[in-house]
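K.L.:
one predicted model, sequence on top.
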Amino acid sequence: MGQSVKIFGIMVLLLAPVLTYGQSTDGGVAGLHQLLDSIYEQMMPLCSELIGVSRAIAGFAATFYIAYRVWNHISKAEPIDFYPLFRPFVLGFCIMIFPSVLALINTIMKPTVTGTSAMVDNSNAAIGVLLQKRQEAMINTDAWQMYVGMDGMGDQDRWYRYNNDGADPSSEGLLEGIGNHFKFNGQKIWFLFKFYIRSLFSEILRIIFEGAALIINTLRTFQLVVLSILGPLVFGLAVFDGFQHTLTAWLARYINIFLWLPVANIFGAIIGKIQEEMLKKDITEIAANGDPSFFSETDTAYIIFMIMGIIGYFSVPSVASYIVQAGGGGALQSKTTATFNTVSTSPFKVMSN
C-alpha cells in the first residue's frame, strides 16, 4: 500500500504544475493562433490564380457595359455621361492590384486585432502572477506539507504532531505506529484524490474554453482565405448591371468575419478578469481553510463562469454582426454554433431529467 501511495503522490506532484486553476500561460494556445495567422499569410498568394480569370470577366463586362451605355445615349441623341463609365475601369484597376487592395483592408482592420490582443495579454500576465501566488499559498498549507511535501511523499511525523497536539512521533508504540501508518496513508490518498479531481476538472474546462476560442479563429481564418481567393472574381462580376451588390456584400462579409477575432479577444479579456477575481478569492480561502483540495463556493462560481464562457464564445459571429451586418453566407458558423450549443447544454438537460 505504501508503494502505491508513493506512486500516486509522485503522479499528482508531476501533474500539479499543469492542473492549475484558471488559464494556461505557457503560450501553447497562443502559438496555435499565431500558426493560423501564418497560414493566412501563406494562402494569400493563391488569390493571384484568379486574377487572370477575373481580368477576362471584368474586361468583357466593361466592354459590354460601356458599349451598352454609349449606344443607349447615342440612340436617344443624348450627350454621353462619362462619369458612370469610370466604374468598370476602377474595378478593373482594383483587380489588377487586388493583393494591394486586400493588404489595405487588412492594414486598416489590423489595429482592432492588436489592440484587443493586448487586453488578453495583460489579463494573462495578471493571471500568471495570481497562479504563482496560489501555488505558493497551496504549498504553505499544513495539509500540503503533510500529505505531499517537497518530495511528493508527505511527512507522517508532521501529520502525527498536527493531529496529536504536537506530541513526539517517537513516543508512539508499535501497534499504534502501524495503525497511524494506515490512517496517514488513507487520509493522504483521500487528499490527493480530492486535489486531483478538482484540478483535473478545472483543466478540462480550461481546455474546452481555449478550444472554443481556437475553433472560432480557425473558422475565421478559413473563411477569410476563401473570401480573399474569390475576391477578384467578385470584383469582376460587380461590373455587370445587377451584380453591383456583390461587391458591397463581399466587403461587408470580409469585415464582419475579420472582426470575429477582436470580438473573441474582448470576450476572453472579460473572462480573464473574472478569473483574476476568482483566483484572488481562492487564494484567500486556501489561506483561511488550509486545505487546497476543498471544493468551495468559489469553485462553483468558477465552473459556472467557465461554462458561460464556452457557450458565449460561439456567440462571437452574432456579436460581430452588430458591428457590420452581413446578410447571408453564414451557414457554416450557424451550424457550428448550433452544434456546440447543443453539446454544451446537453449535460444540463440530462441532469434536469
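P.N.:
Received the coordinates, thanks. Everything numeric here is computed off the predicted structure, so don't read it as measured data.
K.L.:
what is the burial count for residue 282?
P.N.:
Number of residues near residue 282 (other CB atoms under 10 Å) recorded here: 23. Where you see a C-beta, it was placed from the backbone N, CA and C, and this is true even at glycine.
K.L.:
buried ones in stretch 218-230, by neighbour count?
P.N.:
Of all the residues in stretch 218-230, those buried under the rule 16 or more other CB atoms under 10 Å are 219-225, 227-229.
K.L.:
sorry, that was for stretch 245-259
P.N.:
For stretch 245-259, by 16+ other CB under 10 Å, it's 246-247, 249-259.
K.L.:
so residue 159 touches residue 146, yeah?
P.N.:
Yes: assessed by CB atoms under 8 Å, residue 159 is found in contact with residue 146 at 4.4 Å.
K.L.:
I'd guessed residue 55 sits against residue 236; true?
P.N.:
Yes: using CB under 8 Å, residue 55 is in contact with residue 236, at 7.4 Å.
K.L.:
list residues touching both of the two?
P.N.:
Residues touching both residue 55 and residue 236 (CB atoms under 8 Å, 6 or more residues apart in numbering) are residue 95.
K.L.:
neighbour count for these two, which is higher?
P.N.:
residue 236 (28 against 17).
K.L.:
can you give me the offset of the host helix or strand of that one from its chain's centre?
P.N.:
In the assignment (DSSP states H and E), residue 236 maps to helix 174-237. Relative to the chain's own centre, helix 174-237 is displaced by 12 Å; criterion: CA atoms, centre = their mean, to the nearest Å.
K.L.:
need the residues that contact the following helix or strand past that helix.
P.N.:
Next helix or strand after helix 174-237 toward the C-terminus (DSSP H and E): helix 245-258. Outside of helix 245-258, the residues within contact range by CB under 8 Å, 6+ apart are 91, 105-106, 109, 112, 220, 223-224, 227-228, 230-231, 234-235, 237-238, 317, 320-321, 323-329.
K.L.:
from the residues you listed, list just the buried residues.
P.N.:
Listed as buried from the contacts of helix 245-258 are 91, 105-106, 112, 220, 223-224, 227-228, 231, 234-235, 237-238, 317, 320-321, 326; burial here means 16+ other CB under 10 Å.
K.L.:
any idea how far residue 35 lies from residue 116?
P.N.:
Residue 35 sits at a distance of 19 Å from residue 116 (criterion: CB to CB, to the nearest Å).
K.L.:
and those two? Which one has more around it.
P.N.:
Higher neighbour count among residue 35 and residue 116: residue 116, with 20 against 12, using other CB under 10 Å.
K.L.:
mind checking how far the more buried one is from residue 274?
P.N.:
17 Å.
K.L.:
for residue 247, same thing?
P.N.:
To residue 274, residue 247 is 42 Å away according to CB to CB.
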